[in-house]
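Chemist: Got a predicted structure plus its sequence, pasted below:
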Amino acid sequence: MKQLPPRSRKVRIIATLGPASSNADMIRRLFQAGADAFRLNMSHGAHETHAANVGFIRALEKEFHRPTTILADLQGPKLRVGTFAAGPVVLETGAAFMLDRDPTPGDVTRVNLPHPEIFQALVTGSRLLLDDGKLVLRVETVSPERIETRVEVGGFLSERKGVNVPDVVLPMAALTDKDRRDLTFAIEQEVDWVALSFVQRPEDVAEARRLMGGQGALMAKIEKPAAVDRLEEILEVADAAMVARGDLGVELPPYAVPPLQKRIVETARRLGKPVVVATQMLESMIKAPTPTRAEVSDVATAVYDGADAVMLSAETAAGDWPEQAVAMMDSIAHSVERDPGYLGRLRYTETLPDATTADALAEASQQITATVSAKAVICFTSSGSTVRRVARERPVAPILALTPKFQTARRLGIVWGVHAIRTKDIGSFEEMIGKARRMALRHKFAGAGDKIIVLAGVPFGTPGSTNVLHVAMIRGDELKGHGEG
């Protein structure tokens, strides 16, 4: 049986698949280089390509006997201007420019905007950002048929360029018809996570969850100022968050994004929700075999802040150096986590437990682990909630999650410090301790004479019932006469 050693790194790495990596060999190499999870970007690629990639990823699970994690990232609404009669135009700063409902190709004075929701939401003084924020228009008057603007930042504008509306909440759903088709496909493929784009309000998350029908877990992408304004409400109903810095950096000044990133990471950690930092982390590695020093610092900052996972986008999807990008991110994370001050920095975020037995034990496990120098925290879990509670405390020792459910093991692939294993359920306290010892030995988390922390719920197999914490010592003869179960 092939078996990779557990990742010694605590932060997880998500690699996006695309033209540069949509084949079995490259996906395998990315996995071996350090990718813990794979992102299917539903903005690009046919369902047939994504389905093939799902098969390649699941094959790794069988080959290496380790659960693999798949994230399907929905495109969300794409707002774009219409066409121009004579090709690109140049909008001069200070000039008047109109966006209207007329589908006739535009010119330097006007263009079609085929999104009635924008006309409904805008007010005088609102901004419109075109082409990823390269051009800025200020609304002077608005009616149901036309938006009169003044060009504040001019430049070239070609047809079908994107439109961002940062100052208002748009009366439109986060899920388009394409997203609904993609979501159905993702659920049929049994992906583990679905990332929802263009989230503005908690109701967007609730609608997506209803359509998912209890299948998979839901990640809210925080990329709109409106979502930042209701961050805690959104995270209360989502299973995880993604700091999607691409659109955040368009709709907000670039200097506003770093403090927002810290706020989102801190809020998610405080609420016990996994959080992913994404977009342009090693952007120069799309074409170059090494990153810039600033990019290395950017990844390191996310690790120091305690993000559960960091994500590569075009670097692995379309870049020239996908395997090297994963290996570089792995090396950066290892370097940060070896810093003697790393765990102390993680404690800057205060994660107060709820008034429950499970939260009290999760908090205690971190303190006891440090006090008795335990080598691992072993969590028996059905839903994964025990593991997420423990991970929120960022213990010194790695977390070994033992679960009878493949779905739970796979979803835990993006959670900080967690190595998940699917194993048979347990039926007694003695069996629990024996299995914890054997698994810690077998997967090289601990050796003879080492201490481990064991958490579980009694009665066994009941989700959310964590009420047992036990300190056990590994015996030298632990593996003799026992099978894998």
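Modeler: Great, that's in hand.
Chemist: Now Gln280: phi and psi?
Modeler: Main-chain dihedrals, Gln280, degrees, to the nearest 10: phi 60, psi 30.
Chemist: same question but for Cys379, I mixed them up
Modeler: The phi/psi pair for Cys379 (degrees, to the nearest 10) is phi -120, psi 120.
Chemist: Would you confirm that it contacts Arg388?
Modeler: No: here Cys379 does not reach Arg388: they are 9.5 Å apart, not a contact under C-beta atoms under 8 Å. C-betas here are computed from N, CA, C, even on glycine.
Chemist: So which of the two has more stuff around it?
Modeler: Counted by other C-beta atoms under 10 Å, Cys379 and Arg388 do not tie: Cys379 has more neighbours, with 30 against 25.
Chemist: Distance check, the more buried one against Trp193.
Modeler: 20 Å (C-beta to C-beta, to the nearest Å).
Chemist: Just say helix, strand or coil for Leu455.
Modeler: Secondary structure state of Leu455, per DSSP: H, G, I helix; E, B strand; the rest coil, is strand.
Chemist: Kindly report the same for Leu235.
Modeler: When classified by three-state DSSP, Leu235 comes out as helix.
Chemist: My guess is it contacts Pro274. True?
Modeler: No: with contacts counted by C-beta under 8 Å, Leu235 stays clear of Pro274, the gap being 10.5 Å.
Chemist: Between those two, tell me which one has more neighbours.
Modeler: Pro274 (28 against 24).
Chemist: what are the phi and psi values for the more buried one?
Modeler: phi -60, psi 150.
Chemist: which element is the residue nearest the centre of the chain on?
Modeler: Geometric centre of the chain, nearest residue: Val276, 3.7 Å, by C-alpha atoms, centre = their mean. Val276 is part of strand 275-278 when elements are defined by DSSP states H and E.
Chemist: next helix or strand past that strand?
Modeler: With secondary structure assigned by DSSP H and E, strand 275-278 is succeeded by helix 293-304.
Chemist: The helix or strand following that next one pairs with which strands, parallel or anti?
Modeler: Per DSSP H and E, helix 293-304 leads on to strand 309-312 as the next helix or strand towards the C-terminus. Sheet pairing of strand 309-312 (DSSP bridges) gives strand 12-17 (parallel), strand 275-278 (parallel).
Chemist: which stretch among those strands comes nearest Arg394?
Modeler: strand 275-278 (12.5 Å; C-beta to C-beta).
Chemist: Mind listing the residues bridging to the residue nearest to the centre of the chain?
Modeler: Met242, Ala309.
Chemist: From Ala238, how far out is it?
Modeler: 12 Å.
Chemist: For these two, list the residues in contact with both.
Modeler: Listed as contacting both Val276 and Ala238 by C-beta atoms under 8 Å, 6 or more residues apart in numbering are Met219.
Chemist: Make CSV from the strands paired with strand 309-312 and add mean pLDDT to it.
Modeler: Output for the strands paired with strand 309-312, formatted as CSV (pLDDT from 0 to 100):
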stretch, mean pLDDT
strand 12-17, 98
strand 275-278, 98
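Chemist: which stretch among those strands comes nearest Ile286?
Modeler: Nearest to Ile286, of those and by C-beta to C-beta, is strand 12-17 at 11.6 Å.
Chemist: and the stretch of helix or strand Val194 belongs to, what's its mean pLDDT?
Modeler: Per DSSP H and E: Val194 is located in strand 193-196. In this model, strand 193-196 has an average pLDDT of 98.
Chemist: can you map out the strands along the stretch 1-150 of the chain?
Modeler: Taking DSSP state E, counting those that start in this stretch, the strands of the stretch 1-150 of the chain run over residues 12-17, 37-41, 69-73, 89-91, 96-100, 110-112, 127-130, 135-142, 146-153.
Chemist: Looking at those, which is nearest to Lys444?
Modeler: strand 12-17 (18.9 Å).
Chemist: so how far is that closest one off the chain centroid?
Modeler: Its chain's C-alpha centre and that of strand 12-17 lie 9 Å apart, by C-alpha atoms, centre = their mean, to the nearest Å.
Chemist: ditto for stretch 126-139
Modeler: For stretch 126-139, the distance to the chain centre is 28 Å (C-alpha atoms, centre = their mean).
Chemist: about what we covered before: deepest of the strands of the stretch 1-150 of the chain, which one?
Modeler: strand 12-17 (a mean of 27; mean count of other C-beta atoms under 10 Å).
Chemist: Also compute the angle for it relative to strand 69-73, please.
Modeler: 60 degrees (axes from the mean of the first three to the mean of the last three C-alpha atoms, to 10 degrees).
Chemist: CA atoms only: put strand 12-17 into PDB for me.
Modeler: Below are the C-alpha coordinates for strand 12-17, written out as PDB (Å, rounded to 0.1, in the frame of the first residue of the first chain):
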ATOM      1  CA  ARG A  12      -3.400  23.800   3.700                       C
ATOM      2  CA  ILE A  13      -2.800  24.400   0.000                       C
ATOM      3  CA  ILE A  14      -5.500  24.600  -2.600                       C
ATOM      4  CA  ALA A  15      -4.500  24.300  -6.300                       C
ATOM      5  CA  THR A  16      -6.700  25.400  -9.100                       C
ATOM      6  CA  LEU A  17      -7.000  23.100 -12.100                       C
END
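Chemist: Need the contact partners of that strand.
Modeler: 21, 27, 30, 34-41, 53, 71, 73, 276, 278, 308-317, 322, 325-326, 329-330, 333, 413-416.
Chemist: Neighbours of Leu354, how many?
Modeler: Not quite, residue 354 is Asp, not Leu. 12.
Chemist: Quick check: it vs Thr466, distance?
Modeler: For Asp354 relative to Thr466 (C-beta to C-beta), the value is 12 Å.
Chemist: do Ala46 as well
Modeler: Taking C-beta to C-beta, one finds Ala46 at 43 Å from Thr466.
Chemist: Which of those two has more residues huddled nearby?
Modeler: Applying other C-beta under 10 Å to Ala46 and Thr466 shows that Thr466 carries more neighbours, namely 27 against 8.
Chemist: Skipping its backbone neighbours, what lies nearest that one in space?
Modeler: Ala358 (4.0 Å; C-beta to C-beta, 6 or more residues apart in numbering).
Chemist: quick check, the one you found in a strand?
Modeler: No: using three-state DSSP, the assignment for Ala358 is helix, not a strand.
Chemist: Looks like it contacts Val468 (just checking).
Modeler: No: using C-beta under 8 Å, Ala358 makes no contact with Val468, being 10.4 Å away.
Chemist: who's more crowded, the two?
Modeler: Legend: neighbour count by other C-beta under 10 Å for Ala358 and Val468, higher for Ala358 (19 against 16).
Chemist: Which residues are in contact with that one?
Modeler: Contact analysis of Ala358 by C-beta under 8 Å, 6+ apart lists 385-386, 389, 457, 464-467.
Chemist: From those residues, which shows the smallest pLDDT?
Modeler: Gly464 (64).
Chemist: Okay, Ala72 and Ala217: tell me how far apart.
Modeler: Ala72 is 11 Å from Ala217, where distance means C-beta to C-beta.
Chemist: anything in contact with each of those two?
Modeler: By C-beta under 8 Å, 6+ apart, the residues touching both Ala72 and Ala217 are 193-194.
Chemist: related to what we said a few turns ago, make TSV from the contacts of Ala358 and add secondary structure and distance to Thr371 to it.
Modeler: Formatted as TSV, those follow (DSSP: H, G, I helix; E, B strand; the rest coil; distance: C-beta to C-beta, whole Å):
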residue	secondary structure	distance to Thr371
Ser385	helix	25
Thr386	helix	20
Arg389	helix	19
Gly457	strand	23
Gly464	coil	27
Ser465	coil	26
Thr466	strand	20
Asn467	strand	21
